[in-house]
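Engineer: only geometry, no sequence info:
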């Protein structure tokens, strides 16, 4: 999921972007309303984190412009303006949520996940494969009786694999869907997340595994299941 951070304080903006990246998001930063409009016109963002005080105009005006478009883009307003009237104005102008500075990154991340679920709720509440269950609503992983949370990108990666159980997903498709169309992390980061998931499965005695079909991609299989290279090619998904 790719997020645009619109903030006139460049140093604070960089801190927010770095925090979102650590939480598993891809993130871009701009410091003006004009730059934000250009970015949103060219990139398919999942959400916007918007400061109200911008050097070339009020963030509320940008918020209203974005809200008047046909696309339901989740927007969280962040501002030092903590008065009730300011919060009401932000929400009435179309913000999905409102955070007063200073705020904890964990709270911003949690609110981003919440507004994304409200805007685009999953069609299912859980996914199951063997003794592995993925709770899409609460973003929790259950293996047997063990329940735990996952970093955002590892959760998203496992969700893709579970939705396509038994079918190979091309490496480049995984990279694009996990890091965004304009992500720069590449294959190395994907391999790190896959390695972590495999270790997690092994440690928790999961009854499924993640296979690498050389030259094709990756797929989730029952632990005792085998798949030939030819069968993998037939099950290939872009």
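Structural biologist: That came through fine. As the structure is a computational prediction, the values presented were derived from the model and not from experiment.

Engineer: give the next helix or strand downstream of the top helix by length along the chain.
Structural biologist: For the chain, the helix reaching the highest residue count under DSSP state H is reported as helix 186-203. Using DSSP states H and E, the helix or strand that follows helix 186-203 towards the C-terminus is strand 208-213.

Engineer: please point out which parts of stretch 135-154 sit buried.
Structural biologist: By 16 or more other CB atoms under 10 Å, the buried positions in stretch 135-154 come out as 136, 139, 141-143, 150, 152-154. All C-beta atoms are positioned from the backbone trio N, CA, C, and that covers glycine.

Engineer: how long is it end to end?
Structural biologist: End-to-end distance for stretch 135-154: 14 Å, by CA to CA, to the nearest Å.

Engineer: mind checking pLDDT for residue 104?
Structural biologist: Residue 104 carries a pLDDT value of 85.

Engineer: walk me through the domains of this protein.
Structural biologist: Annotated domains of the chain cover 2-119, 126-234 [automatic domain parsing].

Engineer: distance check, residue 158 against residue 167.
Structural biologist: Separation of residue 158 from residue 167 (CB to CB, to the nearest Å) stands at 15 Å.

Engineer: right, I mislabeled it, should have said residue 45
Structural biologist: Counting by CB to CB - residue 45 and residue 167 are separated by 28 Å.

Engineer: and those two? Which one has more around it.
Structural biologist: residue 45 (21 against 15; other CB atoms under 10 Å).
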